[in-house]
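In: Quick one, what's the 3D model for this:
(chains A and B)
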Protein chains: 2
Amino acid sequence: MASDPPLEALVFDAYGTIFDVYSIAALCEQIFPGRGSALTQLWRGKQLEYTWLRSLMERHEDFAHITEAALRYACAASGLDCSASDRATLMQAYLTLAPYPDAILALPRLQRFPLAILSNGTPRMLEAVLQNAGLAETFSHVISVEEVGVFKPSPRVYALAPARLGVDKSKIALISSNAWDIAGAAAFGMQTFWVQRSGLPMDELGVVALKSARNLLELVDELLHTRSRA
Amino acid sequence: MASDPPLEALVFDAYGTIFDVYSIAALCEQIFPGRGSALTQLWRGKQLEYTWLRSLMERHEDFAHITEAALRYACAASGLDCSASDRATLMQAYLTLAPYPDAILALPRLQRFPLAILSNGTPRMLEAVLQNAGLAETFSHVISVEEVGVFKPSPRVYALAPARLGVDKSKIALISSNAWDIAGAAAFGMQTFWVQRSGLPMDELGVVALKSARNLLELVDELLHTRSRA
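Out: Now for the predicted structure:
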């Protein structure tokens, strides 16, 4: 097999990769003492499930609506009474998710590349969470699946990156902590770098990540070296 | 709103609705003492996740391959060494899943309708599991998603039922224990009857089941009465 072409742009997933979706657990714990961690896990699991199911059903709703629907389900399934005001508080917290420390440290070292976000989030959610984390200027492109009305890992989503960046897909790296995101991007034909935060094995979806590491900082050298490998 | 038209055919989901996918837990427990229940749950969860992800990725593999891939992942993620022989044993067990007792009792009472299976399973898997359960003669149509190469809840799957049965979708009942299956069929325009085996609330996917009950036997009267409601 030929070696991979040198990278010309880096595209990052947002939720789970740059931003810690579990950073909301403390607030959940405050509202529902003793239940914060389990509720946050179920909420996140259902949020993803609903993106896949609605995409397959061809009944798209945006990520803000899906996130709130998943929260309603997670509370109901947990026997927790979540008032409209609690829901509003938790949804608001999604706009101020904490970035991972390794992301904060890694991103400045990668500025030689055009950096982009490619996310399930709505433009409004992404603008707010980046702004609140002080990362608004870091990315030249913030690409939301709302442009195509379907969620990852549809190839229609990944096709947005080469179209918007003007770079061939084989020269773009997709960097994500989500194994299903890596699988989708690899199937589409991008180079994939997996931030293996969970420590769990790669999903068995017929594709593997080009490279993987435990956090973004550990991927910096791989991303920089890839450029000179041609 | 107009009342629902009288039912002219009943279409059943197989796995989870007629057949207990957790009946395999005893065999898992025998192979992996102390881990059978957790492994069976993870296996089932990943199996479903992979059907959705591969459909969205537009990289279809049949349900037998997906089920085995999910087993490989579940074992790896659980730190269990699953030999090729163990995998073959567990995959073989999928062909002899136990039918739910309420299904055995309910189906003979519904023979006034044409009865069909509409399942993610491959034709070979479905033929075997029905044969082994003594249900081969119960259903006039056994419809597999393999005919369209995509999994539930894609509308392309549900469209197989009216096409094969020659009955308008509004006069077909889809009976399933899987909330996402109910959501897909309802979005497509079938009447939906949810076998609420898990006791969990309905998923928040923007649609609700027409009727629900804790098991198939409790749905028999609803299904029979619907006919005379026109």
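In: contacts, neighbours, all on C-alpha from now
Out: Fine.
In: what's the neighbour count on the residue nearest to A:Ile143 when sequence neighbours are not counted?
Out: Of all residues not flanking A:Ile143 in the chain, A:Leu118 sits nearest, at 4.8 Å (Cα to Cα, 6 or more residues apart in numbering or on different chains). A:Leu118 has 23 neighbours, counted by other Cα atoms under 10 Å in any protein chain shown.
In: so where do the strands sit in chain A?
Out: Assigned by DSSP state E, chain A shows strands spanning A:9-12, A:115-119, A:141-144, A:172-176, A:191-195, A:211-213.
In: okay, the ones you listed in JSON lines with mean pLDDT next?
Out: Below are those laid out as JSON lines (pLDDT from 0 to 100):
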{"stretch": "strand A:9-12", "mean pLDDT": "98"}
{"stretch": "strand A:115-119", "mean pLDDT": "98"}
{"stretch": "strand A:141-144", "mean pLDDT": "98"}
{"stretch": "strand A:172-176", "mean pLDDT": "98"}
{"stretch": "strand A:191-195", "mean pLDDT": "98"}
{"stretch": "strand A:211-213", "mean pLDDT": "95"}
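In: And the pLDDT for A:Ala2?
Out: pLDDT, A:Ala2: 59.
In: Chain B contacts on chain A?
Out: A:49-50, A:52-58, A:69-70, A:72-73, A:76-77, A:152-155, A:180, A:184, A:187, A:200-205 (Cα under 8 Å from any Cα of the partner chain).
In: So which of those are in helices?
Out: Residues from those lying in helices, with DSSP state H as the criterion: A:49-50, A:52-57, A:69-70, A:72-73, A:76-77, A:155, A:180, A:184, A:187.
In: Make TSV out of the strands of chain A and add distance to A:Asp20.
Out: Putting those into TSV (distance: least, Cα to Cα, whole Å) gives the following:
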stretch	distance to A:Asp20
strand A:9-12	14
strand A:115-119	14
strand A:141-144	18
strand A:172-176	12
strand A:191-195	13
strand A:211-213	17
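In: For chain A, name the helix or strand with the lowest mean pLDDT.
Out: Least confident element among the helices and strands of chain A, by mean pLDDT, DSSP states H and E: helix A:216-227 (a mean of 86).
In: Run the angle between that one and strand A:191-195 for me.
Out: Between helix A:216-227 and strand A:191-195, the angle comes out at 160 degrees (axes from the mean of the first three to the mean of the last three Cα atoms, to 10 degrees).
In: Now list the buried members of the residues of chain A next to chain B.
Out: A:49-50, A:52-58, A:69-70, A:72-73, A:76-77, A:152-155, A:180, A:184, A:187, A:202-205 (16 or more other Cα atoms under 10 Å in any protein chain shown).
In: What residues of stretch A:33-47 count as buried?
Out: Buried, per 16+ other Cα under 10 Å, within stretch A:33-47: A:36-37, A:39-40, A:42-44, A:46-47.
In: Ok, stretch A:111-126 next?
Out: In stretch A:111-126, counting by 16+ other Cα under 10 Å, buried: A:113-123, A:125-126.
In: what's the answer for stretch A:136-156, then?
Out: So for stretch A:136-156, counting by 16+ other Cα under 10 Å, buried means A:138-139, A:141-146, A:149-156.
In: And for stretch A:6-26?
Out: A:6-25.
In: what's the span of that stretch, first residue to last?
Out: Stretch A:6-26 has an end-to-end distance of 42 Å (criterion: Cα to Cα, to the nearest Å).
In: For it, which outside residues touch it?
Out: A:36-37, A:39-41, A:44, A:90, A:93-94, A:97-100, A:103, A:113-119, A:161, A:165, A:167, A:171-178, A:195, A:223, A:226-230 (Cα atoms under 8 Å, 6 or more residues apart in numbering or on different chains).
In: Sounds good, over and out.
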